[in-house]
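Novice: Whatever this is, show me its structure:
(one chain, ligands or ions: 1)
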Amino acid sequence: MSDISQEMVIILDFGGQYNQLIARRVREHNVYCEVLPYKTSIAEIKAKNPKAIIFTGGPNSVYEENAPKIDKEIFELNTPILGICYGAQLMCHVLGGKVTKAKDSSLSEYGKSILRVNDSQLFANTEKEFSAWMSHNDYITNLPNGFSVIATTEKCPYAAIENTKKNLYGVQFHPEVNHTKFGFEIIGNFLKKIALLKGDWTMKEYAQTSINSIKNQVGKGKVLLALSGGVDSSVACALLSKAVGEQLTCIFVDHGFMRKNEGDEVEKAFANWDINFIRVNAQERFLAKLKGVSEPEKKRKIIGEEFIRVFEEESKKIGTVDFLVQGTIYPDIIESGVGDASVIKSHHNVGGLPDYVDFKEIIEPLKLLFKDEVRELGKTLGLPDYLVNRQPFPGPGLAIRVIGEITKDRLDILREADFIFREEVAKAGLDTEINQYFAVLTNMRSVGVMGDSRTYDYTLALRAVTTTDFMTAEFAHIPYEIIEKISVRIVNEVKNINRIVYDVTSKPPATIEWE
Ligand code: XMP
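Specialist: Model (predicted):
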C-alpha cells in the first residue's frame with residue numbers, strides 16, 4: 001500500500017445531490033477521499049483506516065421508515081466526523097438529539113441564508129456573518145449531550161453544531177457548493193484544523209493507487225478499450241497501459257469525421273506505449289452509410305450503430321475479452337441520473353457498447369474524477385498537452401457540423417476552415433477563455449464576388465461559447481478584429497466558402513452544436 005491510505009477520508013453517501021462536490025472540495029485540499037455507500041459496514045470502514053469521515057446530505061427525513069441509517073458504533077471510532085444537512089440530522093438523531101419536520105414552508109430553507117457563527121475551529125478563518133446555501137425541510141431542534149451550537153440562521157437555531165471532545169461536527173448548510181461563502185475554508189478547517197490532516201495527496205499518488213487496483217482487478221485478463229481520441233478515453237488508455245501493458249488492446253475507430261490531423265495525432269500519441277493499438281480507418285464505410293442522409297438524429301443514429309459494428313468486428317478478431325474499459329467520468333454519472341428528461345440530442349459515446357461486446361466486467365477508472373482532474377491525471381501519466389487539453393468534441397465529430405448531407409468534399413472544406421479558426425483563436429490567446437469553439441459548414445449557398453467573378457458558395461458559421469457545465473452556455477465575445485482576421489483568412493484560403501457568419505445565440509435557446 002502506498003501512503004495514500006494514511007490520509008484517507010471516507011465520504012458516506014446518503015443520496016444528496018451535491019455529493020460529488022464534497023469529494024471535489026476534499027481533493028482540492030489535497031486530501032484523498034472515497035465516496036462509499038452509507039450501508040458500508042463498520043468493519044469495512046475500519047479496514048480503510050479513515051482519518052476523517054463526512055456524512056453527505058440526502059433527500060430523506062430521519063424518521064421515515066426506509067430512511068438511510070447509520071450504526072451508532074461509527075461515533076465510537078475516534079475519527080472526526082462532519083455531517084452535512086441530512087448527515088448532521090442523522091448524527092443528532094442517532095446520538096439522542098431531536099430532529100423536527102418543518103410544519104410549513106416558513107421553517108424550511110432553500111437558497112441563501114445569512115449564517116452567524118460563534119468561535120469554533122470549523123469557522124477559524126471565516127467572517128462572523130456570511131451567506132450559506134440551505135436546502136432542508138427538517139431541522140435540528142434538540143442537541144444530543146455534549147454538543148453545542150456554533151452557528152444559527154434566522155430560521156435555523158442549530159445551523160452548525162460541535163462536540164469538540166469527540167470531534168463531531170454537523171452543519172445544516174452545504175459548505176460544498178459555491179454559493180456558500182467560505183465553504184472551501186470550512187471543509188479545509190474540518191480536514192486540517194480538526195482532523196489534523198497534512199493534505200499532501202497528489203495526482204501522482206492517485207495514479208499509482210489506480211494502477212495498483214487495476215492490476216489487482218485484472219490479474220492476467222484481457223482488456224479492451226474503445227479509444228475515441230477524446231480526453232477521457234485517452235487518459236483511461238494511458239492509465240490502463242501503465243497498469244496492464246500488453247494485456248490491453250485499444251481500438252481506435254477513425255470514422256473520418258475527426259478534425260484536421262487529429263487521427264494521426266492520436267495514433268502518434270500512443271505509438272510508443274506498451275499496448276496493442278488498432279486503428280481502423282473506416283471513413284469509406286461511414287460515408288457510404290450516410291449517403292443521402294441529412295436529418296441530424298438519423299445521422300447520429302447511423303454513426304452510433306456503425307461505430308458499434310466496426311468495434312464489434314475488430315474486437316471479435318482478438319478473441320475473448322475479460323474487461324471492457326469505459327471512460328466514464330464523475331459528471332457523466334450525475335448527468336445520466338436525470339431519468340426521463342426529454343431527448344434533445346442522442347449523444348453518441350461508448351456507453352452503448354456493453355450490449356454488443358462479450359466481456360466479464362467493466363472497468364471505469366475515471367468515474368470518481370472531474371474533468372480537470374482527468375486532465376491533470378493525463379499530464380501526470382505523460383500524455384502530451386495537446387491531447388490532454390483538448391476541448392470537448394462530440395462522438396459523431398464533424399458529421400454533425402456539416403449541415404445536411406455529408407460528402408468527403410464538404411468534410412474537407414470544413415476541416416480546413418475549422419483548423420484556421422482554431423489556430424487564430426489560439427494565436428489570440430483566447431483558447432483558454434473559450435470553452436468550445438469550432439466551425440460549422442451550413443448547407444446554404446449565397447452569391448459573392450471574388451476578383452471580377454461571381455461566386456456561389458457555402459456560408460460557414462463560427463461558433464464559440466463559454467460555459468462551465470455545457471448544459472448552459474453564452475456565446476463568446478470574440479473581438480471584432482479577430483473575427484475579421486479569421487474571416488479574411490478562411491475566405492482566402494479555403495475554396496468554396498464565400499461568406500462567414502458568427503453565431504450569437506446562447507444555450508438555451510440554441511444548443512452548442514448545430515445538429
Ligand atoms: P449541445 O449541442 O447538446 O452540446 O449543446 C453539449 C456538449 O455536448 C457535446 N456533444 C456531444 N458529445 N457525443 C458526445 O460525446 C455527442 O453525440 C454529442 N453531441 C454534442 C457538444 O460538443 C457540447 O460540448
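Novice: any idea of the pLDDT on the residue lying farthest from the centre of the chain?
Specialist: What lies farthest from the middle of the chain is residue 452; by C-alpha atoms, centre = their mean that is 52.0 Å. pLDDT, residue 452: 89.
Novice: Spit out the contact partners of residue 39.
Specialist: If you count contacts by C-beta atoms under 8 Å, 6 or more residues apart in numbering, residue 39 has them with residue 68. The C-beta positions use only the backbone N, C-alpha and C, and glycine is treated the same way.
Novice: I'd like the distance between it and residue 511.
Specialist: 39 Å (C-beta to C-beta, to the nearest Å).
Novice: which secondary structure element contains residue 140?
Specialist: Assigned by DSSP states H and E, residue 140 falls within strand 138-142.
Novice: so for that strand, what's the average pLDDT?
Specialist: 91.
Novice: Give me the below-cutoff pLDDT ranges for the stretch 201-350 of the chain.
Specialist: 333-350 (pLDDT under 70).
Novice: Helices of that one, start to end?
Specialist: Assigned by DSSP state H, counting those that start in this stretch, the stretch 201-350 of the chain shows helices spanning 203-218, 231-244, 262-270, 283-290, 296-317, 330-335.
Novice: Which stretch among those is buried most, on average?
Specialist: Most buried of the helices of the stretch 201-350 of the chain by mean neighbour count (mean count of other C-beta atoms under 10 Å) is helix 231-244; its value is a mean of 25.
Novice: For that one, which helices and strands make contact with it?
Specialist: helix 203-218, strand 223-226, strand 248-254, helix 262-270, strand 323-325, helix 371-380, helix 385-388 (3 or more C-beta pairs under 8 Å, 6 or more residues apart in numbering; DSSP states H and E).
Novice: Any residue of that helix touching the ligand?
Specialist: No - using C-beta under 6 Å from any ligand atom, helix 231-244 stays clear of the ligand, coming no nearer than 9.3 Å.
Novice: quick check, distance from that helix to the centre of its chain.
Specialist: 16 Å (C-alpha atoms, centre = their mean, to the nearest Å).
Novice: for stretch 386-401, same thing?
Specialist: On C-alpha atoms, centre = their mean, the centre of stretch 386-401 falls 16 Å from that of its chain.
Novice: Which parts of it count as buried, going by neighbours?
Specialist: 387-388, 390, 393-401 (16 or more other C-beta atoms under 10 Å).
Novice: try stretch 113-129
Specialist: Using 16+ other C-beta under 10 Å as the test for burial, stretch 113-129 gives 113, 115, 117, 120-123, 126.
Novice: same question, stretch 178-190
Specialist: For stretch 178-190, by 16+ other C-beta under 10 Å, it's 180-183, 185-190.
Novice: which residues does residue 447 contact?
Specialist: 454-456.
Novice: want to throw the residues you listed into TSV with neighbour count?
Specialist: Shown next, in TSV, are the contacts of residue 447 (neighbours: other C-beta atoms under 10 Å):
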residue	neighbour count
454	9
455	16
456	10
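Novice: returning to what we had before: the buried residues of stretch 178-190 in helices, which ones?
Specialist: 183, 185-188 (DSSP state H).
Novice: hang on, the earlier thing: next, give me the two most distant ones among the buried residues of stretch 113-129.
Specialist: 113 and 121 (22.1 Å; C-beta to C-beta).
Novice: Tell me which other helices or strands the helix or strand hosting residue 87 touches.
Specialist: Using DSSP H and E, residue 87 falls within helix 86-94. Judged by 3+ C-beta pairs under 8 Å, 6+ apart, helix 86-94 is in contact with strand 52-55, strand 81-84, strand 98-101, strand 138-142, strand 168-171.
Novice: Can you name every helix or strand that the last one contacts?
Specialist: Meaning strand 168-171. For strand 168-171, the packing partners by 3+ C-beta pairs under 8 Å, 6+ apart come out as strand 81-84, helix 86-94, strand 160-163.
Novice: now those in TSV, with distance to residue 58, mean pLDDT and mean neighbour count?
Specialist: Listed next are those as TSV, based on distance: least, C-beta to C-beta, whole Å; pLDDT from 0 to 100; neighbours: other C-beta atoms under 10 Å:
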stretch	distance to residue 58	mean pLDDT	mean neighbour count
strand 81-84	9	98	28
helix 86-94	4	97	26
strand 160-163	18	98	24
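Novice: With distance to the ligand added, can I get those in JSON lines?
Specialist: Below are the helices and strands packed on strand 168-171 laid out as JSON lines (distance: least, C-beta to the nearest ligand atom, whole Å):
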{"stretch": "strand 81-84", "distance to the ligand": "30"}
{"stretch": "helix 86-94", "distance to the ligand": "32"}
{"stretch": "strand 160-163", "distance to the ligand": "38"}
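Novice: Residue 381: which of these is closest?
Specialist: strand 81-84 (32.3 Å).
Novice: contact partners of stretch 63-70?
Specialist: With C-beta under 8 Å, 6+ apart, stretch 63-70 has contacts from 12, 14-15, 38-39, 55, 58, 60-61, 86, 90-91, 93-94, 99, 101.
Novice: Over to that stretch now: how far is its first residue from its last?
Specialist: 13 Å (C-alpha to C-alpha, to the nearest Å).
Novice: Now do it: distance to the chain's middle.
Specialist: 30 Å.
Novice: Only the buried residues of that stretch, if you could.
Specialist: Buried-residue list, stretch 63-70, by 16+ other C-beta under 10 Å: 67-68, 70.
Novice: if we can go back for a sec, could you give the angle of the helix holding residue 87 to strand 138-142?
Specialist: 40 degrees (axes from the mean of the first three to the mean of the last three C-alpha atoms, to 10 degrees).
Novice: Tell me the gap between helix 86-94 and the middle of its chain.
Specialist: Centroid separation between helix 86-94 and its chain, computed with C-alpha atoms, centre = their mean, is 30 Å.
Novice: what's the answer for stretch 136-155, then?
Specialist: On C-alpha atoms, centre = their mean, the centre of stretch 136-155 falls 34 Å from that of its chain.
Novice: Would you work out how far apart the start and end of it are?
Specialist: The first and final residues of stretch 136-155 sit 11 Å from each other (C-alpha to C-alpha).
Novice: Stretch 47-64 now?
Specialist: The first-to-last residue distance of stretch 47-64 comes to 30 Å (C-alpha to C-alpha).
Novice: Could you pull up the mean pLDDT of that stretch?
Specialist: 94.
Novice: Same question for that stretch: list its buried residues.
Specialist: 50-58, 60-62.
Novice: which two in these are spaced the farthest apart?
Specialist: So, these by C-beta to C-beta: farthest apart are 51 and 61, at 30.5 Å.
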